[in-house]
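In: let's see this in three dimensions:
(one chain, ligands or ions: 2)
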Amino acid sequence: MAKGLPLLEDLGDVAGKRVLVRTDFNVPLETADDGTRTITDDFRIRAALPTITWLTERGATVVTASHLGRPKGKSDERYSMDPVRARLAELAPGVELLENLRFDPGEEANDPAFVAELVEGVDAYVDDAFGAAHRAHASIVGPPRTLPSAAGRLLQREVEVLGGLRAKPRRPFVAVLGGAKVSDKLGVIAALSQLVDAFVIGGGMCFTFLAAKGNPVGDSLCERDQIDSCAELLRGKVPIHLPEDIVGVDAAGNYATWGTRLPDGAKGFDIGPGSAAAFADVIADAGTVFWNGPMGMFEDDRFAAGTRTVAQAVADTKAFTVVGGGDSAAALAQFRLDDDVDHVSTGGGASLELLELGDLPGLEALRGAPNAPEEG
Ligand code: ADP
Ligand code: MG
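Out: Ligands and ions are numbered 1, 2, ... in the order given. Sure thing, here's the model as predicted:
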């Protein structure tokens, strides 16, 4: 019989036990000239607290472990967990945090020797690192092979919400997609075509679609080798809403607005006000909205308006709203709208992959744990 996902309750009595919690503490950091690193957003640390508290309240000793950045398998001060450890000590005193998992090449290589090191002296394992659950890394798939294991509260909620979107979305289901790279997200768009009733596409991504329609896009982001795939999606039966106006800088470097045919040298950095209003209407009429990827280079105030309008529409609609992706979540927070959506996913790639495939290596590993419940 198939096994279900083990939850914290499936761990049994944790009093006096040493529990390894795989968290996603891959927080954004700012480095000062003297090398001092400051956490610019501690959302991911705070998000792990319900699971940590659940365990400590029941008498467990909690050891957390996470990756931070891409140190490429060797010890590197610039990626040490020190700033995270300091913040964690304020939020959850007494909870340990191991050094950056990716300092060891065995983490990304899923080396059994590194898994053995991780589980040494540990009685149980909890995975609460949704943002890393799509990676078959040692700390994600290794411990559940031998230890009683569980999905933490954060991971549990992600699976419920994103799984729910796959199973029974309120219709119409609209996917709002943006961000920089089409190639990263093309697989998801294809998979979502089976699930959603309409796409809304902005951000750097829209230019490959506009090019696929034969429009000149100037020097905007455009992935030439993806044009054919975009053309095929445009021929599909799910409507794809594209921008009708574009904002950016012209060949002389001046702020400019255009329709959807861009002159030579033009760089599109945001959807225009007409597009933003049209997108907002589609979002207002939706039953479910999944949003991933900003509509423009919102980090620059001149090009934040499109993302702001769409974020406001996502906050205002009566639809069930889910936002995935680090930059999209950051945009929402910047506009102080993060409390006005139903679910902000802590994983970008992981949320897309779970929507696309319905499963992740980290979830599969947990279902294989010795204490996983019979599904029934
Ligand atoms: P998320 O993290 O939400 O998944 P992505 O990482 O895919 O989003 O994309 C976010 C990035 O895309 C932002 O840094 C933003 O500046 C950039 N971006 C959006 N639109 C454009 C554009 N038209 N040209 C260049 N970059 C863009
Ligand atoms: Mg991003």
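
In: where along the stretch 51-200 of the chain do the helices fall?
Out: Per DSSP state H, counting those that start in this stretch, the stretch 51-200 of the chain carries helices over the ranges 82-91, 105-109, 112-119, 138-141, 153-167, 182-192.

In: burial measure for whichever residue of the chain sits closest to ligand 2, as a count.
Out: Closest to ligand 2 within the chain is Asp327: 4.0 Å, counting by C-beta to the ion. Quick note: C-beta positions are derived from backbone N, CA and C, even for glycine. Here the neighbour count serves as a burial measure; for Asp327 (other C-beta atoms under 10 Å) it reads 18.

In: got a list of what the closest residue to it other than its chain neighbours touches?
Out: The shortest distance from Asp327 to any residue other than its chain neighbours is 5.5 Å, reached at Pro294 (C-beta to C-beta, 6 or more residues apart in numbering). For Pro294, the residues meeting the contact criterion (C-beta atoms under 8 Å, 6 or more residues apart in numbering) are Gly178, Gly179, Gly203, Thr307, Asp327, Ser328, Ala331.

In: adding secondary structure, pLDDT and distance to Arg22, write the residues you listed out as a markdown table.
Out: As requested, the contacts of Pro294 are arranged in a markdown table below (DSSP: H, G, I helix; E, B strand; the rest coil; pLDDT from 0 to 100; distance: C-beta to C-beta, whole Å):
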| residue | secondary structure | pLDDT | distance to Arg22 |
| --- | --- | --- | --- |
| Gly178 | coil | 96 | 30 |
| Gly179 | coil | 93 | 26 |
| Gly203 | coil | 97 | 31 |
| Thr307 | helix | 98 | 32 |
| Asp327 | helix | 89 | 24 |
| Ser328 | helix | 93 | 24 |
| Ala331 | helix | 94 | 27 |
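
In: burial measure for Lys3, as a count.
Out: Neighbours of Lys3 (other C-beta under 10 Å): 15.

In: that one reaches Pro373, doesn't it?
Out: Yes. Proximity of Lys3 to Pro373 meets the contact threshold set by C-beta atoms under 8 Å, at 6.7 Å.

In: hmm, back to that, okay but the residue of the chain closest to ligand 2 is in contact with Gly293, surely?
Out: Yes. The pair Asp327 and Gly293 qualifies as a contact (C-beta under 8 Å) at a distance of 7.2 Å.

In: nearest to ligand 1 within the stretch 101-250 of the chain, name that residue for me.
Out: Of all residues in the stretch 101-250 of the chain, the one sitting closest to ligand 1 is Gly179 (2.3 Å; C-beta to the nearest ligand atom).

In: residue contacts, that residue?
Out: Shown here is Gly179, whose contacts under the criterion C-beta under 8 Å, 6+ apart are Lys185, Gly203, Gly204, Met205, Asn292, Gly293, Pro294, Gly325, Asp327, Ser328.

In: likewise Thr23?
Out: With C-beta under 8 Å, 6+ apart as the criterion, the residues that contact Thr23 are Arg44, Ile45, Ala48, Thr64, Ala65, Ser66, Asp128, Ala129.

In: how about 10 Å then?
Out: Thr23 makes contact with 44-45, 47-49, 51-52, 62, 64-67, 84, 88, 95, 97, 126-132, 139, 152, 154 under the criterion C-beta atoms under 10 Å, 6 or more residues apart in numbering.

In: can you select the buried ones from these in PyMOL?
Out: Buried members of those, identified by 16 or more other C-beta atoms under 10 Å, are gathered into one PyMOL selection as follows:
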select buried, resi 44+45+47+48+49+51+52+62+64+65+66+67+84+88+95+97+126+127+128+129+130+131+132+139+152+154
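
In: Asp359 and Phe298, how far apart?
Out: The spacing between Asp359 and Phe298, counted by C-beta to C-beta, to the nearest Å, is 32 Å.

In: and what of Asp281?
Out: Distance, Asp281 to Phe298, using C-beta to C-beta: 21 Å.

In: also Ser351?
Out: With distances taken as C-beta to C-beta, Ser351 is found 19 Å from Phe298.

In: these two - which one has more neighbours?
Out: With other C-beta under 10 Å as the criterion, Ser351 and Phe298 differ in neighbour count, and Ser351 comes out ahead with 30 against 26.

In: ok, now which ones touch whatever residue of the stretch 201-350 of the chain ends up closest to ligand 1?
Out: When scored by C-beta to the nearest ligand atom, the stretch 201-350 of the chain has Gly325 as its residue closest to ligand 1, at 2.4 Å. Taking C-beta under 10 Å, 6+ apart as the contact definition, Gly325 lies against 177-179, 185, 291-294, 331-332, 344-345, 347-349, 351-352.
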